[in-house]
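Trainee: Task: produce atomic coordinates for the following.
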Amino acid sequence: MTDFGKKFPIHLLTPTVLKENSWFTDLLRRWHPAGDAVNSPLDNGKGLLVRDRVRNRGEFQHLRVAFRENYMNFYCGGQSIAKVNLGRDGLQAKIHVKYVYGFQGTGQKYVTLMSKGFPELSTGRPIPYGGLQEWISNANSKIGHEKRFVDLVVAHNSDVIDLEMGLPAISELPGKKRAPRMDLVALEPHEGWWRVVLWEVKRVGDGRARCEGNELPEVVDQLKQYTRWLMHGDNESLVAEAYQENCRLLVGLHEIASGIGPNIEELGAGIRAVAANDAPPLLVDMDPRLLVVYDKNDKSFIEKRHLDKLRDKAGLHVKIVKSLSEVALRGQL
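Mentor: As a prediction, this is how the structure comes out:
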């Protein structure tokens with residue numbers, strides 16, 4: 001990745017393009033914007049801990065969407081189910097072979113889906129598109145506990161605007177050939193407006209978030225890398241501009257999706273406010289935050305002072321989530 005941007009030619013998704021690509025309208029029918037469960041009871045009065053919800057192995061049928069540089073990514077429980085772009089060859093999606101062909105799909109290749117269909121595994125001849133359900137089921141078999149928790153957070157926070165945010169490498173980060181990735185990006189009110197906040201998610205038993213003696217864990221350096229990147233050059237402005245455009249793209253896509261499935265949930269208030277034509281520039285929180293999920297009954301994280309060291313010694317903003325009532329990103333830490 002050499003640039004950080006959020007772009008997609010939404011205006012080219014005309015009625016004709018949509019009619020010719022039923023697979024894309026199927027993706028939009030399954031799209032649930034962030035906050036789709038905000039008005040739903042978190043535990044149905046049963047006092048469920050978050051680990052009980054995370055361990056639920058029921059299949060995800062809904063999708064989340066994230067914009068990248070000239071393509072959009074549809075996620076099923078944190079698994080990238082389709083990378084959609086619109087170029088000279090028309091609207092197309094890249095889908096992993098393991099989802100399209102199941103156990104017969106091997107390696108790390110992608111299948112191209114277009115209006116005429118996708119290639120048959122053995123012959124390469126075009127197969128007409130026949131629905132997403134089998135691919136969704138195949139993706140579900142790959143979803144782990146952490147990704148299930150991330151989707152739960154998205155469901156209960158209407159101003160989450162990105163998943164798996166990747167940043168370009170800079171010279172101050174030697175040896176980092178791959179772009180580091182942050183699990184969640186959200187908006188929050190700040191000083192009368194909205195600002196971008198980055199969140200890294202770790203399970204409570206993850207050694208990368210636990211201190212050994214006086215040594216700080218790996219996640220501390222990970223978050224500091226993001227701060228260094230944000231402070232480098234004009235990257236802060238770059239992120240603010242990109243995510244303002246990201247919000248406008250979400251509004252544009254939502255308008256199209258509303259014409260296909262009128263019962264789609266509304267976008268978050270922050271997203272709609274930031275997307276307005278007369279909206280001021282976004283603010284950016286330069287210190288990424290850590291979200292620790294209790295996906296198992298583990299008292300040692302607090303008793304052995306891992307939390308205190310992360311907060312007091314490393315100076316991190318850490319939010320602990322044990323119960324479903326604590327899943328909102330804003331509010332009590």
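Trainee: C-alpha only now, for contacts and for neighbours.
Mentor: Will do.
Trainee: And for the protein, the residue most distant from the center?
Mentor: Distance from the C-alpha centroid of the chain peaks at T123, with 35.0 Å (CA atoms, centre = their mean).
Trainee: gap between it and M114?
Mentor: Here T123 is placed at a distance of 17 Å from M114 (CA to CA, to the nearest Å).
Trainee: Now for this structure: which helix has the highest residue count?
Mentor: helix 235-260 (DSSP state H).
Trainee: so what does the helix or strand that that helix is followed by touch, helix or strand wise?
Mentor: Note on helix 235-260: by DSSP states H and E, the next helix or strand toward the C-terminus is helix 269-275. Identification of packing neighbours for helix 269-275 by 3 or more CA pairs under 8 Å, 6 or more residues apart in numbering; DSSP states H and E yields strand 181-190, helix 235-260.
Trainee: Quick one: the strands in the protein, in order.
Mentor: Taking DSSP state E to define them, one finds strands in the chain at 64-67, 72-76, 79-87, 90-96, 110-113, 118-119, 126-127, 160-166, 181-190, 193-203, 283-284, 289-293, 318-321.
Trainee: Of those strands, flag the one that's most buried.
Mentor: Mean neighbours per residue, mean count of other CA atoms under 10 Å, is largest over the strands of the chain for strand 64-67, with a mean of 24.
Trainee: what about it, average pLDDT?
Mentor: Rounded to a whole number, the mean pLDDT of strand 64-67 is 97.
Trainee: Give me the helices and strands touching that strand, please.
Mentor: Against strand 64-67 (3+ CA pairs under 8 Å, 6+ apart) you get strand 72-76, strand 160-166.
Trainee: Dump the C-alpha coordinates for that strand into PDB.
Mentor: These are the backbone C-alpha positions of strand 64-67, laid out as PDB (Å, rounded to 0.1, in the frame of the first residue of the first chain):
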ATOM      1  CA  ARG A  64     -20.400  -5.500   6.600                       C
ATOM      2  CA  VAL A  65     -18.800  -3.200   4.100                       C
ATOM      3  CA  ALA A  66     -15.600  -1.200   4.100                       C
ATOM      4  CA  PHE A  67     -14.200   1.100   1.400                       C
END
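Trainee: Now tell me what touches that strand from outside.
Mentor: Applying CA atoms under 8 Å, 6 or more residues apart in numbering, the external contacts of strand 64-67 come out as 6-8, 31-34, 72-76, 161-163, 246, 249.
Trainee: same thing with stretch 228-247?
Mentor: 4-7, 67, 161, 167, 170, 172, 196, 271-272, 274-275, 281-284, 286.
Trainee: at 7 Å instead, please
Mentor: G5, K6, F67, I271, V274, A275, P281, L282, L283, V284, M286 (CA atoms under 7 Å, 6 or more residues apart in numbering).
Trainee: Distance to Y226 for the strands of the chain - can I get that in a markdown table?
Mentor: Below are the strands of the chain laid out as a markdown table (distance: least, CA to CA, whole Å):
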| stretch | distance to Y226 |
| --- | --- |
| strand 64-67 | 19 |
| strand 72-76 | 22 |
| strand 79-87 | 23 |
| strand 90-96 | 29 |
| strand 110-113 | 30 |
| strand 118-119 | 39 |
| strand 126-127 | 43 |
| strand 160-166 | 10 |
| strand 181-190 | 9 |
| strand 193-203 | 9 |
| strand 283-284 | 12 |
| strand 289-293 | 10 |
| strand 318-321 | 16 |
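Trainee: Looking at the ones you listed, which is nearest to E218?
Mentor: E218 lies closest, by CA to CA, to one member of the strands of the chain: strand 193-203, at 11.3 Å.
Trainee: Next, the angle from the closest one to strand 181-190.
Mentor: 140 degrees (axes from the mean of the first three to the mean of the last three CA atoms, to 10 degrees).
Trainee: partners of strand 193-203 in the sheet?
Mentor: Each strand that pairs with strand 193-203, with its direction, by DSSP bridges: strand 181-190 (antiparallel), strand 283-284 (parallel), strand 289-293 (parallel).
Trainee: I'd like those written out as a markdown table, with mean pLDDT added.
Mentor: Below are these laid out as a markdown table (pLDDT from 0 to 100):
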| stretch | mean pLDDT |
| --- | --- |
| strand 181-190 | 94 |
| strand 283-284 | 97 |
| strand 289-293 | 94 |
